[in-house]
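1. Need the 3D shape of this:
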Amino acid sequence: MACNDFAARATERVLIQSPTETADSYGGRSVSWATVGTYWAIVEPLTGRELFAQQTTQNRVSHRITIRYQSALKDISAISDYRVSYDGRLFGLNAVRNLASDMKTGGREFQELLVEENGPDVHG
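-> Just a heads-up that it's a prediction; the model follows:
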């Protein structure tokens, strides 16, 4: 994807959020969500064929979200509990794939977030 294509197509705003666990006065725990960042994005629901292909190889995926590369999101093991908030909807973050329009950037131009709407633990 070229930068100009992305700029023209990235018309949606998404929030990436991380869970923060706190203890309450009764010894229990509660989860709140902190916004890691707000990004311009291309949000695409997957077609039936793409859904079938995705579900045979990995966790359930309902949407693909493309954003500019963010170094904070490069390690999926560190962000597996993150979620994406978009237009009042919540998505569990299942995978991050680094993308580039050429080999010079080493995949550090865009990121594709594979997400599941109302996935596990998105509500905390």
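2. low-confidence ranges in this protein?
-> Screening the chain residue by residue with the criterion pLDDT under 70, one finds the ranges 1-2, 48-59, 76, 101-107, 119-124.
3. if you go through it in chain order, where are the strands?
-> Assigned by DSSP state E, the strands in the chain fall at 12-23, 29-45, 63-68, 83-86, 89-99, 110-117.
4. I'd like those laid out as TSV, including mean neighbour count.
-> To be clear about C-beta, it is placed using only N, CA and C from the backbone, and glycine gets the same treatment. Converted to TSV, those look like this (neighbours: other Cβ atoms under 10 Å):
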stretch	mean neighbour count
strand 12-23	15
strand 29-45	14
strand 63-68	19
strand 83-86	20
strand 89-99	18
strand 110-117	21
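5. Show me the one of those strands that comes nearest Ser77.
-> Between Ser77 and these, the shortest gap by Cβ to Cβ is with strand 89-99, which sits at 10.5 Å.
6. returning to that earlier point: for the strands of the chain, give me CSV that also has distance to Phe6.
-> Formatted as CSV, those follow (distance: least, Cβ to Cβ, whole Å):
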stretch, distance to Phe6
strand 12-23, 12
strand 29-45, 7
strand 63-68, 7
strand 83-86, 17
strand 89-99, 10
strand 110-117, 7
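7. Apart from its chain neighbours, what residue comes closest to Tyr82?
-> Here the nearest residue to Tyr82 in space, its sequence neighbours aside, is Leu93; by Cβ to Cβ, 6 or more residues apart in numbering that works out to 4.6 Å.
8. Hmm, Arg83 and the one you found touching each other?
-> Yes. Counting by Cβ atoms under 8 Å, Leu93 does reach Arg83; the two are 6.1 Å apart.
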